[in-house]
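1. I'd like to go over a predicted model; first the sequence, then the structure.
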Amino acid sequence: MSQDKSSETTPSIEYIDGPMLPHLLQGSTDTTIPQTTTSLVPIITPPLATQTAASEEVADAQQYLLVPNSQRIIVRSAHHGKRVCTLVPKGDESIHAVTLVWLPVRGEEADNADDEENDDEEDSGEWVVVAGCSDGTLQEWSITKVSAKSNEEVAPRRVFQLTCSKTEDVNMVHLTSPTVSDAALASSLYEEKGGAPLYGLIHGTGKKSKKSSSCVVSCLLPRFDDNGDDQTEGSIDLKRLVPTKTLKSSTSREEKARLQKSHVCLKKGDSIFGLKAAYRPSSSTALADTMDYEVEEEDSNGISQGDLFLVICASKGFVIYRESIKSSSSSKQEDGGEMVHFELPMKSSYQSKEQSAFSSIAISPDAKNLALGRLSGHMEILDDVFDNVAKFLNAQSNGQDVDQEQHPEAVTVRKSVHWHANPVRALAFLADSGRHKGNSGSLISGGEESVLVTWQLDRDFHRPSHFVSRVGQGGILHTLCCMHTGKIVVFCSDNSVQCFHGANYDRLWTEQGIASMMLHEEGVIKGNEKQQNDIKKGPVLMSKDPITGHPILANLPGGKSQLSPGMVHWYDPKSASVVGTLEVSPYNRVSRRDPRVDPNIPTPAVTHIAIGQDGKDMITVDTVWTENTSVGREYTLVGPQGDETPMSVCTSIKFYSFSDAKGRKPDQRKHRHGDLPMSYELVSSMASPHGREGEVCALAISPNGETACTLSRQEDAFRIWSKNTTYSPSGVPSVMWKCLYKVKTPAGFANLLSQNNYSSPGQNLVAFSSDGSVLSVCYGTHVTLWDHASATLLNSLSSAEGIQHLHFLTKDDDFLLMTSESQVAIKSPFGGAGQSCYLGNDEWSVDLSAFGRDAKVSSVIPFGDSGLGAKGFFAMSVAIDNGAETVVMVVDRSERGVASVKDSDSLMYWRIKGGVSSLCVNECIGSGVELLAITEDCRMLSLNAGIHKAKTLSLKSQSTSISRTQAPVLQVGSEVDSQPMKKRKISTMPRGTGKAQQFDTGFEFPSLSGKFITSFLSKRHG
């Protein structure tokens, strides 16, 4: 019990969700080099007969999806897509490459299998996941028993240190195995090689030259002995197959031909992005009946058991490396292999060399054909390329004279097809349901268009045979085809994974994670720093939905681009998936005409969202780019070659009402299986709510959902919006929103709102009090308080720095939480330093110098009126070390410092690597709290203090426990007296009769809490 209680009181960080796959454009500097890579791609396992921990009975065969990223490998069920467990590398290392390998089992299981008559070779072996990590290790997990690890983090079973005779600091960046789908084939190859073969590409430093180098290597993974000693650690020696070499443009043809015999030759500026392996047994083996090719059975070195091909693909060419597999009875195994270089230039005059670069690669399941995708959208299928390579290399090894006319690049038949307008990012051969292994007759492709295209290569191949449009909100990154069930699994850049039936293309299931990846690099916006700053999309927006209790996410992933464009997501942290969506701004996913000249048009963005206290009313602000320059604010986009395109950004405000089942009109739209539309109805909408040039920089809604406020820097004014509800004779409500009036910036505050220092996106510059009667509006270093019912300025407060976040806290006293870049202050709306009528000495301000000179507040959230929120607690995140680390803390208003967990010395204080984009309160029960944090790299983390969790996914490298003696001391600064009231300008908007109505500007008491009214009377009437 004491251990459980200690774990509850110790603040912890738990990983919930993040990018499923690495970003295909992450870190791209040269657009001619495709960044999609085969080193971290999803893998589907063969059917596995799993055994649960509670029972010795073998369950039905299950298939799993392995979804790797640089931090972990998510294991999902291929039957429904839900997360099963997480494979986490040892230590704090990054994962660089992943593959699936079959290993025989040694021990009692293998002995029992020998005694029983069983034709299934997989029963005497197991499938394991192997990952190459940043510390030069190879880490292994057994995938057979993952069903017993429900929602747990699984550590590696074995860790091998990689060594190479001529290379130091080995870093495995690509990894592949030739037997990722067939246990019988894997077992045969294991016996012939004497181990499970792995092939990879390593980077390192030469031991003699001390220069960085790369080479293709191989190794054999030993079997795991259940009855042996501890095998958790060991070492594996890598065998160098062929090094890489970058050729200069001045290299002669003869020198190039000589180097290509012993090196993988690359052109200047090129790099290897794909590494694929395929094994073809010879016709003399028992497995040859399922194949359509012939391999020479004998040569001078012994009996051939087949060929192992390794395709090494770069953007400007590829190499096919062949290694002949000899039988174990032969006297000698070959020490190396042979290879053939392909350049395959595009035979078209209108495509540049950059556009003809390779972007994706796929090998047919029967190891016969090779498919290649290009940046131009073209695809090429090389028929019988591996047979042609084998014949060419056999002729060379037998001493025959071969010329360039017999080179595989010259004799291989190429089928060229074209449908995609943008780069082909995903290729996969489909399975043939009539055979155990797939054939080469069908191919699927995908790209930025988010359309899954099917090609029948054996007939009418020049045009697609089937389309599945709008697969995801982002482009297609990867496709998988299960050779056992025929299912098609598609991964999209909006962080979603979907499964389709292989015959009728019905969507069987879908799982949507946090949208976190860019689809493409967007066009450069021409203009000065202020214009660049005005169009920034800001951080992720996250708030709690009062109806469903789930966080609402918008503006994902924040920053330069958005991969859930124009969408609002309802996210369930328990299932780590999106459970509802609302499309605010539909858009065309193919935004370019000519990728060589035209810029990528930025995607729509939901820049602001506000929801009422009961969740019945929701308001969004979105921006949409359009070529119609007569609407919206004008900008200029610059294309890849410097061509300028005039465009406009149109800002719209939209009002939604929640529609329950009672009296609700049936949805006439068609929805596919897996779609998750939410029950919100658009009741009002207005384009350019602050004029053509005006953009919305802040939005707030009153707690009762009856009033809203928007603020615009360009218009230099805020507007008040009001909801009007009418009822039909049958009692059906009709909701309409309209603008009541706008208020120009008061005299004395002019130009403060538009200053660059105080105009960055993601700020909370307007807020309503807890009862909705008072509105606060920020102007740079000043906060103004308004009675919005009569458009009356009540008071103003000031700060030493520009205010970025403003909140009213508890409903009992309505004090203000004001946050600038490096300061936090608690202020009374009408009190002041030394005045006891309202809060009195409870006012305080804090600077963040205790965290360092570069400490900056990135997010602040109050706790509401439940749990710790009733005591005035709030949470904030502070970026330190220039954003390299972020501190998240819960602040106790009364103690003026970091709050502690009840009955414990542990503080509610967490340290997270990288920046934090947004915070949200997920649970606030009693004295415990659970926060949700979204980092700048779009990981969602759970920050828990004092709330018991039945199951957790601990983030060991980031969990912290801080005592009071270790916490930084927050220094309380001097108070700032309230400033005198400023004059204001009021302009009214037409209502009803079409004439402007004058508002009574006489004094009226606002509807406030008791303390607020007492303070107000004291301030105004002495």
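-> Sure, I can see it. Numbering: from 1, shown residues only.
2. chain center to the helix or strand encompassing Cys650: distance?
-> Under the criterion of DSSP states H and E, Cys650 resides in strand 644-658. Strand 644-658 has its C-alpha centroid displaced from the chain centroid by 25 Å (Cα atoms, centre = their mean, to the nearest Å).
3. show me the shaky parts of the stretch 451-600 of the chain.
-> Filtered on pLDDT under 70, the stretch 451-600 of the chain yields the residue ranges 516-537, 557-564, 589-596.
4. could I get the full set of helices for it?
-> Secondary structure of the stretch 451-600 of the chain, counting by DSSP state H, counting those that start in this stretch: helices at 529-534.
5. now the strands for the stretch 851-1000 of the chain?
-> 856-862, 874-880, 885-892, 897-898, 909-913, 916-925, 928-935, 940-945, 971-972, 985-988 (DSSP state E, counting those that start in this stretch).
6. which one of the ones you listed lies nearest to Thr620?
-> Minimum separation from Thr620 across these (Cβ to Cβ) falls at strand 916-925, 16.3 Å. C-beta here means a position set from N, CA and C on the backbone, and glycine is covered the same way.
7. hmm, who's touching the closest one?
-> If you take Cβ atoms under 8 Å, 6 or more residues apart in numbering as the criterion, strand 916-925 is touched by 539-544, 551, 558, 573, 858-861, 863-864, 866-869, 875-877, 879, 886, 888, 929-936, 938, 942, 947.
8. ok so, going back, partner strands of the strand holding Cys650, with direction?
-> strand 617-626 (antiparallel), strand 633-638 (antiparallel), strand 680-687 (antiparallel) (DSSP bridges).
9. will you turn the ones you listed into JSON lines that also has distance to Thr479, mean pLDDT and mean neighbour count?
-> What follows is these, written out as JSON lines (distance: least, Cβ to Cβ, whole Å; pLDDT from 0 to 100; neighbours: other Cβ atoms under 10 Å):
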{"stretch": "strand 617-626", "distance to Thr479": "29", "mean pLDDT": "92", "mean neighbour count": "22"}
{"stretch": "strand 633-638", "distance to Thr479": "31", "mean pLDDT": "86", "mean neighbour count": "18"}
{"stretch": "strand 680-687", "distance to Thr479": "33", "mean pLDDT": "92", "mean neighbour count": "15"}
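10. okay, and the closest residue to Gly337 other than its chain neighbours sits in which element?
-> Excluding the flanking residues, the one nearest Gly337 by Cβ to Cβ, 6 or more residues apart in numbering is Glu323, at 3.7 Å. For Glu323, the host element (DSSP H and E) is strand 317-326.
11. tell me what that strand is packed against?
-> Applying 3 or more Cβ pairs under 8 Å, 6 or more residues apart in numbering; DSSP states H and E, one finds that strand 317-326 contacts helix 183-193, strand 233-246, strand 264-266, strand 302-314, strand 338-342, strand 358-363, helix 385-397.
12. partners of the next helix or strand after the first one, with directions?
-> Using DSSP H and E, the helix or strand that follows helix 183-193 towards the C-terminus is strand 196-206. Sheet pairing of strand 196-206 (DSSP bridges) gives strand 167-176 (antiparallel), strand 212-221 (antiparallel).
13. most tightly surrounded among the ones you listed?
-> Highest mean neighbour count among the strands paired with strand 196-206 (mean count of other Cβ atoms under 10 Å): strand 167-176, with a mean of 21.
14. okay, the angle between that one and strand 233-246?
-> 90 degrees (axes from the mean of the first three to the mean of the last three Cα atoms, to 10 degrees).
15. what's the offset of strand 167-176 from the middle of its chain?
-> 26 Å.
16. what sits up against that strand?
-> Outside of strand 167-176, the residues within contact range by Cβ under 8 Å, 6+ apart are 37-39, 96-99, 130-134, 136, 138, 162-164, 198-207, 213, 215, 238, 240, 272, 274-277, 310.
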